[in-house]
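Colleague: From the sequence below, what's the structure:
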Amino acid sequence: MSKTGSYLKKHTEALVKDVGIEPACELSGKSKATLGRYYSDHDEHSDRFMPIDAVAALEEAASYPHVTSALAELKGISLTFDDRRRNADDKGGVNSDVIALSQRFAVLMAEYQQSIDDGVITVNEAKRLLKETTMLQQVLIDMKLHLEDESV
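Modeller: Predicted coordinates:
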């Protein structure tokens, strides 16, 4: 199987597991066996991929657009996924962005220190680092938008 195919199957599996196998069956209209074939790395299923309408239905219910982000990454495209649930609108501007930036960077460095402590970064540790990196990126995007607002 190609590297691309393997990569997409891995993210398809993450999508199904994120939603849950039973809800994924209901949302996609596919059986457990069929869904399993979409992310199976066995040679006989190497050419089977989840249809785009099923991906869309599952990503609507998922906590993250796994397959969409994988497709974007394969093309060198960066997506921004903002899953923050704020209690109030952000009115702070650049000064609060600088504070948020330093806080996020401190959390990222703490996660990194904890992850590298034993000399190996596990899959779960890498996921936590990725999440913190994404949150740091979001703070930078917010800062960019605030700076653009102030320069008008």
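Colleague: drop to CA atoms for contacts and neighbour counts, all remaining ones
Modeller: Will do.
Colleague: packing partners for the top helix by length along the chain?
Modeller: What stands out as the longest helix in the chain, according to DSSP state H, is helix 123-150. With contacts defined as 3 or more Cα pairs under 8 Å, 6 or more residues apart in numbering; DSSP states H and E, helix 123-150 has these neighbours: helix 94-116.
Colleague: packing partners for the helix it packs on?
Modeller: When contacts are defined as 3+ Cα pairs under 8 Å, 6+ apart, helix 94-116 packs onto helix 123-150.
Colleague: Quick check: buried residues in the helix it packs on?
Modeller: 125, 128-129, 132-140, 142-143, 146 (16 or more other Cα atoms under 10 Å).
Colleague: out of these, who's nearest Gly119?
Modeller: Closest approach to Gly119 among the buried residues of helix 123-150 (Cα to Cα): Glu125, at 11.8 Å.
Colleague: looking at it, Tyr112 is touching Lys131, isn't it?
Modeller: No. Contact criterion Cα atoms under 8 Å: Tyr112 and Lys131 do not qualify, at 11.7 Å.
Colleague: Using the record's assignment, carve this protein into domains.
Modeller: Listed domain ranges for the chain are 3-74, 94-150 (source: automatic domain parsing).
Colleague: and those domains, which one's lowest on average pLDDT?
Modeller: Here the lowest mean pLDDT among these goes to domain 94-150, at a mean of 88.
Colleague: How far away from the center of its chain is it?
Modeller: 15 Å (Cα atoms, centre = their mean, to the nearest Å).
Colleague: thinking again about what came up before, report the angle between the longest helix of the chain and helix 94-116.
Modeller: For helix 123-150 against helix 94-116, the angle by axes from the mean of the first three to the mean of the last three Cα atoms, to 10 degrees is 170 degrees.
Colleague: Provide the secondary structure category for the most centrally placed residue in the chain.
Modeller: Nearest to the mean C-alpha position of the chain, counting by Cα atoms, centre = their mean, stands Tyr64 at 5.2 Å. Using DSSP: H, G, I helix; E, B strand; the rest coil, the three-state assignment for Tyr64 comes out as coil.
Colleague: Please renumber the chain so that the first residue is 25 from this point on.
Modeller: Done: numbering now begins at 25, and the last item shifts to Tyr88.
Colleague: any idea how far Leu98 is from it?
Modeller: 17 Å (Cα to Cα, to the nearest Å).
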